[in-house]
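*Asks:* below is the sequence, then the predicted model.
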Amino acid sequence: MSKPMTKTQLAAALADEMGADRKTATAALDAIAALVSREVAAGGAVNLPGIGKIACRARPARMVRNPATGEQLEKPADKAIKVTVAKALKDALA
């Protein structure tokens, strides 16, 4: 398995695809990341065409077990980020 692409490598590849410089590509990546973070933090969802959907999901309060002691504890309700991969991306792997 190869190492994941770094932000610098991604910005360079994006700059090549766009026909722009790396500074513009890096700014575009930063803007997308900020936009997605802001929308998901507000409880919304973002659909990235061809990649997937990123959404905030509310989880109810539930009982959990401490594996060290076996003690049952109630975990309060919280939020989690859910990423659903797009069918086009799944099909690209096949």
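*Replies:* Happy to help now that I have it.
*Asks:* switch to C-alpha atoms for all contacts and neighbour counts from now on
*Replies:* OK.
*Asks:* what about the helices in this protein?
*Replies:* 7-18, 22-41, 87-93 (DSSP state H).
*Asks:* nearest to Lys75, of those?
*Replies:* For Lys75, the closest of the helices of the chain is helix 22-41, at 20.7 Å, according to C-alpha to C-alpha.
*Asks:* and that closest one, what's buried?
*Replies:* For helix 22-41, a neighbour-count test (16 or more other C-alpha atoms under 10 Å) marks 22, 25-26, 29, 36-37, 40 as buried.
*Asks:* and the angle for it with helix 7-18?
*Replies:* Taking axes from the mean of the first three to the mean of the last three C-alpha atoms, to 10 degrees, one finds helix 22-41 and helix 7-18 inclined to each other by 110 degrees.
*Asks:* other residues contacting helix 22-41?
*Replies:* 8, 11-12, 14-15, 18, 45-46, 54-56, 81 (C-alpha atoms under 8 Å, 6 or more residues apart in numbering).
*Asks:* doesn't Ala58 make contact with Gly44?
*Replies:* No - using C-alpha atoms under 8 Å, Gly44 is not in contact with Ala58, being 11.2 Å away.
*Asks:* which residues does Leu73 form beta bridges with?
*Replies:* The partner list for Leu73 in beta bridges (DSSP bridges) reads Val64.
*Asks:* returning to what we had before: select only the buried ones of the contacts of helix 22-41 in ChimeraX?
*Replies:* ChimeraX command restricting the contacts of helix 22-41 to the buried ones, with burial defined by 16+ other C-alpha under 10 Å:
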select :11,12,14,15,45,46,54,55,56
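*Asks:* looking at the contacts of helix 22-41, which is nearest Asp91?
*Replies:* Ile54 (18.8 Å).
*Asks:* didn't the closest one look like it was pressed against Asn47?
*Replies:* Yes - if you go by C-alpha under 8 Å, Ile54 and Asn47 touch, sitting 6.4 Å apart.
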